[in-house]
Structures are given as C-alpha cells and as structure tokens.
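1. got a sequence here, can you model it:
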Amino acid sequence: MSTVEQPQPTQVASGCPVAHDFDPFDGTPAAFFEQARQERPVFWHDAINAYVLTRYEDCKQLLGDRTGKVSANAALMGHLNVPPMPEAMQILQESGFEFGTSIVDEDGEEHKLHRGATQPPFSPARVKPLTDFIRRQVTERLDAVINEGRVDMVDAMIYEVPATVILHMMGVPDDQLGMVKGFRGPWAIFIWGNPDEQVQLDTARMMGGFGQWARSIVQDRKANRGEDIISETITNLENKGELESSRMFLDSYTLNVVMAGHETTTNSAAGGLLELLRNPEQYRALVEDPSLIPNATEEILRYCTGVPTWRQRVLEDMEFQGVTIPANSVVYAAINSANRDETVFGDDAETFDVRRDTAKKHITFGFGAHTCMGNHLAKLEINIMLEELTKRLPHLELVPDQEHIYSPNTSQRGPENVEVSWDPARNPVSADSA
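-> Next comes the predicted model:
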C-alpha cells in the first residue's frame, strides 16, 4: 500500500490575514464569508494548513486555471487535517486498500484520458432517458409516506433517490444501498474533517470493506461486461490500450463515483428544501408556477452548494487580491462564498430567490476542465424531486424549532435532517388523501 506523506508546514505569506475566528468545519458559515469577502478576501487558516479564497473571480481562476500554475492534485492523503493513526493505517493495509487518485485529483494527459473514458454516460443525451426511472424512485418514496403527515424528508426521499440512481447506473442491486449509506459520513470527516481516534478506526474499517467491494465490481465487469457505467469505462480504456495501466484508477473511480454520484446532490437538495420552506413564499411560487422549477434548481445549487470548498495546489507563486501565495501551497476555493459574491449576484446575494436571473452563474460544479461530470444528472434529480413535492405536497411546512445537523468537514456537507409536516387530509391528489 502506498505510504501517506504528511503535510509540511507552509509559511504564511507576508500581508496575509490569519483567520483565527473562522471554523472551517462549520456547516453555516455565510455570515463569516460575507464579511471576509469585503475585509480579508484571502486568508490563512492553521487548522487546515492552507489559504482560502472567498471571491468569485479568484475561485473561478483557481479552479479553471489553464496556465499550468495550478495542480488538481492537492496531495489529498498527504494533506489530512489529522495525521492517520498507525492502527488505522494497519487496518487499511490488511484490507488491501490502496490510495489512488481519482479524476478530480489528476492533471494533464492522465486527466484527459480518464475523463474521456468516464464522461460519456453523463452527457445530457445519455442522462435524459433516466427521467422516468428517477421519477419512479421519487414517486415510490413519496407513496410510502404521503399519509404520515410528518417525516424527515432527507431520510424518506432526498438521500435515497440519488443513491439508488447511481447504483442503477453502475449495475449494482438496490439492496447494497445500506452499505453505501453507512460509509458516507465517516469518510468525509476522515478526509476533510478533524476526526478523533474512534472515527479514524471506524472509517478505516469502512474504507477497507468499501475498497474490497469496489475491486470486486471492477473484476466482475472485466469478466462480464454489461450496460453500466463501469463496464463502459473499462471498454473505453481497453479500446485506448490503457486498461492494464489503469488498474488503480478503476478501483478508485468505482469507489468514488458511487459517493460523488449521490452525496453532493443529496447535500444540495436537502439544503434547497430547507431554504424553500424557511421562505414559504418561495415554495408557494413553485407550487403556483412549476415553470420556475429549473431556475429554482440553479438557485438551490448556488445558495446550498453540496461542495462548499475545494482544494488545489499552486505550483508557482500566485497573487490573489494583493496576497502572493507561495508555490506548493494548498489553496481552498470557498465555493459557498463565491456563489454569494455581491459583485456577481447583486446586493441581495445573501437572499434565496427562485426567480434570480443570475443563478446559473454559480460555480457549484467547479469550472473548466474539472467541471463535475454529473452536473446534468444532479439538476435532473433535483428538478424531479421539486416537481413531485410541489404537486403532491403543496401545503408542506418545515417543522419548527428543529436543529439541523451538518457533517463537520470542509468539503462535503448539507443538512442531514429536514423534518417536514403536512395535513394528509389536504393532499390535493385524490389517491393521496388520508
């Protein structure tokens, strides 16, 4: 198994503020970023040993760099906030787990090869035929709760729909959903959070088992090709003569696609429903005019990005807002801050507005060569969830005084619970009436 290089301390650039008052693991940092964009648009934070960019143009420049000054490989396992325990690493080694890069960590020709092999199934033309399947998943989950009158909608629908869809695309049975669900939280904390010893040990066991599962999927698809995205990726690499050289990539891709294929959508969709019900006039607008739903989806992605920050490594000195960040530094693009930059989205950027005409300018899916492949799928899933919710539960309300839980990590989070209520007697679809 590959060794895990530990990060080396970086000298804070001259003139760069150090944000001791910033909690990088806070699920609701909007107020901090609103002030930071004005007063310290670039800052350093000791807990993540990195610089943070808060303004739209700076984040867009970092994520979309084409000059060769920025690497997507931020030494992911070498930039953990907490060095892995030897006991956790031993568990991983014994399981056969190998740390391999995924597409989001690759540069140059390697990225071009693997992106070309994996992207076709996520094109708009290939995603659109999934519409009926996605709607059926949404409908079945609403059918199960429509007369209950109160549920946690994340648990009842928002998590399971994207997860079921990506497993379907992978050719994996639905009964493996529980295993995937159990892996999501600890992994994010291990990679992007501040895990204690127990979380490290628990995550190592899960990573070991999940890695074995991913390898078994790859081996099965090599021997038995099917109509699924893993088989298609294997075939595309084989046709390029790169199958054998891509062994570790395939294992990593299979592991990561199941997480990336649903986690980020779940986070944004959950945050979006929360904001719609916090602002009931916004939800009513969609009930009364469903043609607003596509733009509402874009506003949800802008306002409730499921990937609040993403990190890169600068290979040369780079200047942002008068701060020269030294070569080899890790830099976070605060996407959740960039998406509320007043210079792009207006003075009301901190307001959630389903009619916002600039909503599509968000960079929730990144920018440039590393734009998220699954963006069309995510939008379709959120659109359909909103269509069915507003049609069947137009009187949906947020349960008051609930505490919303967010995973304590920098880069994968949304509200993990959104409790809602309604009066089943008022359900407008006759088959849904209590």
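
2. would you map the strands across the stretch 51-200 of the chain?
-> 70-71, 150-152 (DSSP state E, counting those that start in this stretch).

3. dump those strands to CSV, plus mean neighbour count.
-> For glycine as for every other residue, the C-beta is placed from the backbone atoms N, C-alpha and C. Output for the strands of the stretch 51-200 of the chain, formatted as CSV (neighbours: other CB atoms under 10 Å):
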stretch, mean neighbour count
strand 70-71, 19
strand 150-152, 17
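
4. these: lowest mean pLDDT?
-> When mean pLDDT is averaged over each of those, strand 70-71 scores lowest at a mean of 94.

5. centre of the chain to it, how far?
-> 20 Å (CA atoms, centre = their mean, to the nearest Å).

6. what residues does it touch?
-> Defining contact as CB atoms under 8 Å, 6 or more residues apart in numbering, one finds that strand 70-71 is touched by L62, D107, Q312, R313, V314, L315, M318.

7. strand partners of it, parallel vs antiparallel please.
-> Each strand paired with strand 70-71, and its direction, by DSSP bridges: strand 309-314 (antiparallel).

8. ok so, going back, ok, which of the strands of the stretch 51-200 of the chain comes nearest R55?
-> strand 70-71 (16.4 Å; CB to CB).

9. from the contacts of strand 70-71, which is closest to T164?
-> The closest of the contacts of strand 70-71, once distances to T164 are taken by CB to CB, is Q312, at 32.0 Å.

10. beta partners for the closest one?
-> Assigned bridge partners for Q312, using DSSP bridges, are V331.

11. my guess is it contacts G64. True?
-> No. Between Q312 and G64 there is no contact under CB atoms under 8 Å: 10.4 Å.

12. now the contacts of strand 70-71 as JSON lines including pLDDT?
-> JSON lines is the format used below for the contacts of strand 70-71 (pLDDT from 0 to 100):
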{"residue": "L62", "pLDDT": "97"}
{"residue": "D107", "pLDDT": "92"}
{"residue": "Q312", "pLDDT": "94"}
{"residue": "R313", "pLDDT": "94"}
{"residue": "V314", "pLDDT": "95"}
{"residue": "L315", "pLDDT": "95"}
{"residue": "M318", "pLDDT": "97"}
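
13. which of those residues tops the neighbour count?
-> Counting neighbours by other CB atoms under 10 Å, L62 leads the contacts of strand 70-71 with 25 neighbours.

14. tell me who's in contact with that residue.
-> Per CB under 8 Å, 6+ apart, neighbours of L62: L53, V70, Q312, V314, F320, V331, A333.

15. and the angle from the least confident helix or strand in the chain by mean pLDDT to strand 309-314?
-> Lowest mean confidence among the helices and strands of the chain (mean pLDDT, DSSP states H and E): helix 177-192, at a mean of 75. Calculated by axes from the mean of the first three to the mean of the last three CA atoms, to 10 degrees, helix 177-192 forms an angle of 50 degrees with strand 309-314.

16. helix/strand/coil for the residue nearest to L113 when sequence neighbours are not counted?
-> Distances taken as CB to CB, 6 or more residues apart in numbering put E242 closest to L113, at 6.1 Å, once the chain neighbours are dropped. Counting by DSSP: H, G, I helix; E, B strand; the rest coil, the backbone at E242 sits in coil.

17. residues contacting the nearest residue to V172 once chain neighbours are set aside?
-> Nearest residue to V172 in three dimensions, chain neighbours excluded: I217, at 7.0 Å (CB to CB, 6+ apart). Residues in contact with I217 (CB under 8 Å, 6+ apart) are M170, V172, I230, T254.
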